[in-house]
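Trainee: My questions concern the predicted model and sequence given below.
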Amino acid sequence: MQDSDPGEAFSIATFCKRYGISRALFYKLQKNGKAPRSFKLGRRVLITKEAAREWLRAMDGNAA
């Protein structure tokens with residue numbers, strides 16, 4: 001899946017670019033259990049668009 005692919009899942013790089021966070025922050029969030037749900041497809045780690053939306057809602061709720 002290319003970064004411009006309109007598929008149903010993001011690569012970590014695409015997710016970070018889309019949501020304006022660094023990969024380092026993504027991995028820090030993941031370490032702390034606060035990153036979006038992800039899954040492995042072969043050697044790739046992907047994040048569904050639904051998981052990204054759920055993560056964004058959760059992060060928005062934490063800011064309130």
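Mentor: That came in fine, so what should we check first?

Trainee: Which residues does the longest strand that the chain contains contact?
Mentor: Ranked by number of residues, the top strand in the chain under DSSP state E is strand 44-48. The contact list for strand 44-48, computed with CB atoms under 8 Å, 6 or more residues apart in numbering, reads 1, 8-12, 15, 36-40. Where you see a C-beta, it was placed from the backbone N, CA and C, and this is true even at glycine.

Trainee: Need the max-distance pair from these.
Mentor: 1 and 37 (17.2 Å; CB to CB).

Trainee: ok, now how distant is residue 17 from residue 24?
Mentor: When distance is defined by CB to CB, to the nearest Å, residue 17 is 14 Å away from residue 24.

Trainee: Compare these two (neighbour count), which wins?
Mentor: residue 17 (14 against 9; other CB atoms under 10 Å).

Trainee: element containing the more buried one?
Mentor: helix 12-19 (DSSP states H and E).

Trainee: Pull out the buried positions in that helix.
Mentor: For helix 12-19, burial by neighbour count (16 or more other CB atoms under 10 Å) applies to 12, 14-16, 19.

Trainee: And for stretch 27-35?
Mentor: Using 16+ other CB under 10 Å as the burial criterion, the residues of stretch 27-35 that qualify are residue 35.

Trainee: Please work out the average pLDDT along it.
Mentor: The average pLDDT within stretch 27-35 is 96.

Trainee: Which residues does that stretch contact?
Mentor: 21, 26, 38, 55, 58-59.

Trainee: who's more crowded, residue 1 and residue 37?
Mentor: Remark: of residue 1 and residue 37, residue 1 carries more neighbours, 14 against 11, as counted by other CB under 10 Å.

Trainee: Before we go further, residue 57 is sitting in a helix, right?
Mentor: Yes: counting by DSSP: H, G, I helix; E, B strand; the rest coil, residue 57 is found in a helix.

Trainee: Check it and give its pLDDT.
Mentor: Model confidence at residue 57 (pLDDT) stands at 95.

Trainee: how near is it to residue 40?
Mentor: Taken as CB to CB, the span from residue 57 to residue 40 is 24 Å.

Trainee: One more: residue 31?
Mentor: 17 Å.

Trainee: Cool, thanks, signing off.
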